[in-house]
Every structure is written in C-alpha cells, then in structure tokens.
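*Asks:* Need coordinates for the below:
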Amino acid sequence: LQEFNDMVFDLINKLKKDDILLITADHGNDPTDNSTDHTRENVPVIIVNNNKKEEYLGIKPSFRFITHVIQSLFKEKIKGKLSLEEFEGEKVW
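*Replies:* Residues are numbered from 1 along each chain as shown. Next up, the predicted model:
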C-alpha cells in the first residue's frame, strides 16, 4: 500500500496544469463476505486536477455517476442509451 501511495504521489507531482488523474475501481468487496462476488461496498473515485481545490463530494447513489464525471470533464454528452438524468445538476467537482 505504501508503494502504491508513493507512486500516486509521484504521479500527482508530475501533472501539468490541464492534466486530470482519475482513480477508481470497477467494484467494491465487503471484507466480511467470504465469497468472491461483487458486493454492496462503495467504490472510491479520486479526481486530481491542479486547477481545482480539494473537496469531498459525498457518496453517490450509483457507480454510473462516473459516466457523469467523465462527460463533464470533456464537456460533451456521451451518446448511447445510458440515461444520466438522475445526475443532472449534481456537482461533479
């Protein structure tokens, strides 16, 4: 874990002004569940950009929120059947 933390810290220090670093996972695992199935655990999303101040945005209702985040980063609607209406007006960062 320390090695990973050091690597992320080094990467953050190399970010240019307009670079964006997004760290997340594809699922969470409940440490009390002995199975290998995906569980109800929340998935972390960490976004780093030198133009933004540090802020905690809270727990979101769905992992689909990451699509809303990416869409807002590129300031463009993502085409397809995925509806993001539930996140309209939700602060991304």
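*Asks:* contacts and neighbour counts: CA atoms only from here.
*Replies:* OK.
*Asks:* need the next SSE after the lengthiest helix in the chain, C-terminal direction.
*Replies:* What stands out as the longest helix in the chain, according to DSSP state H, is helix 2-13. Once helix 2-13 ends, the next helix or strand along the chain (criterion: DSSP states H and E) is strand 21-24.
*Asks:* Determine the set of other helices and strands touching that following strand.
*Replies:* Applying 3 or more Cα pairs under 8 Å, 6 or more residues apart in numbering; DSSP states H and E, we find strand 21-24 packed against strand 45-48.
*Asks:* Please identify the buried residues of the strand it packs on?
*Replies:* I47, V48 (16 or more other Cα atoms under 10 Å).
*Asks:* roughly how far out does it sit from the chain middle?
*Replies:* The chain centre lies 5 Å from the centre of strand 45-48; the measure is Cα atoms, centre = their mean, to the nearest Å.
*Asks:* ok, now stretch 61-68?
*Replies:* Between the centre of stretch 61-68 and the centre of its chain there are 8 Å (Cα atoms, centre = their mean).
*Asks:* Stretch 63-70 too?
*Replies:* Relative to its parent chain, stretch 63-70 has a centroid offset of 7 Å by Cα atoms, centre = their mean.
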